[in-house]
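[1] Pasting a predicted model and its sequence here:
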Amino acid sequence: MNISTYNITYIISNLFTVYIIKLFMDKYLGVIPERKIKSYIAYIAFFIITTSFYFLFDIPFLMMITNIICFIGISIFYKGDYKRRCVASLYIYIILLIVEILVTALTFTPYMSIFDKYGYSNVLGLFIDKILQFFVVLFLLSINAKKKSTYDTALPFKMSLPSLLIPLSTIIVEMIVVSTPNISQIKVVLSVITLFMINFISFVLYNSILEAYQDKLRNAILDPERDYYHKQCLLMQKAVDDSNAFRHDFNNHMTMINELISKNETSTVTKYIGELIEDSQKHRNIYSSTGNIPIDSVINYKLNSITDGDVDIIVDVSVPTELTVEIMDISTILTNIIDNAIYALEKINKNKRISIKIKYSKGMLVICVSNTYDGIVLYENGVIVSTKNNKTEHGKGLENIRRTAEKYNGLLKLSHNENVFTSEVLLMLLSS
């Protein structure tokens, strides 16, 4: 067998193909931890099989069937049901195939028979094909990650640009290398290996920067949640202290009231009872005590921030102590919905009422918050938008709620009449 420069390049590029496929499968599906070692063996087998079939046959149709079967075989070691794994396998294969066809059409010929020997031998085209496949897979994975995330965790463009220019730069360098007259085979092969390694290292660096950026963003988001937890602990401790203090002072208060009544000091009794009522209203209330800390924390903290004593507050929460929803997500939904309701209450002078109902049943979490408001609702393109002055900033609240709901195959529904505005969120959860 004649080992040409192209054949050596193919072997190297096929290793890079294995890396691209593994990158996609890991990010899109997620490997099953106990099958991780077996997945590595499967990738080694994939490399050996596809490389061998290339040297033995190099027939497009046969290579296509072989690749699809191998992809589905590899997917066995990943999470998800059979249908999802098959879809992922076909998805990545179609992506790689489309890029390969486009590069082939530009560097070889737009015509090829799927049942005849391929005969492609353009080293530069093969290199461009793999780099573009890598770039396209990264791009699609970033879009998929953005859809799943409640917040925009992508790197700012000015930070991403250098990493995006590296693949393009390596293509230009390889074009210069292969166009050099009388260049030796070993130099071409070394250039291919070096440039593939540069792309690999650039992605590792990019991924490290991205993870550091996401961790920083996540911590910034979690800081308010930690504050809610702290406030919840203080509320719970205050409730215990108040209860103990009330039991301690109860007999003293009753004795004093009884003595005043016996002396027929009605006005003093009335004043004394009024002072007791006023003092009791100063203490913070526990509106939700389900044992589900994230939900209890946000509800209690937000409702205790209402300083207007004329607000009629109704809370009906029935949820298990643990839910299969991320703390960040439930916090995003509740804080934004309750904040919007409180903002609406601040704009009216009477009939202030807020109702929070949260129910969990058979894998469905339903959150319903209703509040009286001033009757003013703004629409843009048929969609309700924030009435707050700084719409650029505050308008993100409703969008974050929608994105979070969609993450759990749920929805956000906004409705209203002349007096009451209602926000409903439905989340489809796994059994807790």
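    Perfect, I can see it now. Numbering: from 1, shown residues only.

[2] Which of the helices or strands spans Val369?
    Using DSSP states H and E, Val369 maps to strand 364-372.

[3] my bad, should have said Lys359
    Taking DSSP H and E as the definition, Lys359 sits inside strand 353-361.

[4] The protein: helices as residue ranges?
    5-28, 36-56, 60-75, 82-107, 123-148, 157-178, 185-262, 266-281, 293-304, 327-345, 391-394, 396-407 (DSSP state H).

[5] between these, which one is nearest to Met364?
    helix 396-407 (12.0 Å; C-beta to C-beta). Just so you know, the C-beta spots here come from the backbone N, C-alpha and C atoms, and that holds for glycine as well.

[6] Just name whatever secondary elements that closest one is in contact with.
    Using 3 or more C-beta pairs under 8 Å, 6 or more residues apart in numbering; DSSP states H and E, the elements in contact with helix 396-407 are helix 327-345, strand 411-416, strand 420-428.

[7] Arrange these in JSON lines, one row each, with mean neighbour count as further columns.
    As requested, the helices and strands packed on helix 396-407 are arranged in JSON lines below (neighbours: other C-beta atoms under 10 Å):
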{"stretch": "helix 327-345", "mean neighbour count": "21"}
{"stretch": "strand 411-416", "mean neighbour count": "15"}
{"stretch": "strand 420-428", "mean neighbour count": "19"}
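
[8] what would the ones you listed look like in JSON lines with mean pLDDT?
    Putting the helices and strands packed on helix 396-407 into JSON lines (pLDDT from 0 to 100) gives the following:
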{"stretch": "helix 327-345", "mean pLDDT": "89"}
{"stretch": "strand 411-416", "mean pLDDT": "92"}
{"stretch": "strand 420-428", "mean pLDDT": "94"}
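
[9] Let's have those in a markdown table, adding distance to Tyr10.
    Putting these into a markdown table (distance: least, C-beta to C-beta, whole Å) gives the following:
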| stretch | distance to Tyr10 |
| --- | --- |
| helix 327-345 | 45 |
| strand 411-416 | 49 |
| strand 420-428 | 46 |
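
[10] rewinding a little: give the partner strands of the strand holding Val369 in its sheet and their orientations.
    Using DSSP bridges, strand 364-372 pairs in its sheet with strand 353-361 (antiparallel), strand 420-428 (antiparallel).

[11] what about that strand, average pLDDT?
    For strand 364-372, mean pLDDT rounds to 95.

[12] got a list of contacts for it?
    With C-beta atoms under 8 Å, 6 or more residues apart in numbering as the test, strand 364-372 has contacts from 319, 323, 325, 333-334, 337-338, 341-342, 344-345, 348, 351-360, 419-429.

[13] related to what we said a few turns ago, would CSV of the strands paired with strand 364-372 with distance to Val192 be doable?
    CSV is the format used below for the strands paired with strand 364-372 (distance: least, C-beta to C-beta, whole Å):
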stretch, distance to Val192
strand 353-361, 56
strand 420-428, 48
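
[14] Which among these is found nearest to Val311?
    Of the strands paired with strand 364-372, nearest to Val311 by C-beta to C-beta is strand 353-361, at 6.3 Å.

[15] angle of that closest one against helix 293-304?
    170 degrees (axes from the mean of the first three to the mean of the last three C-alpha atoms, to 10 degrees).
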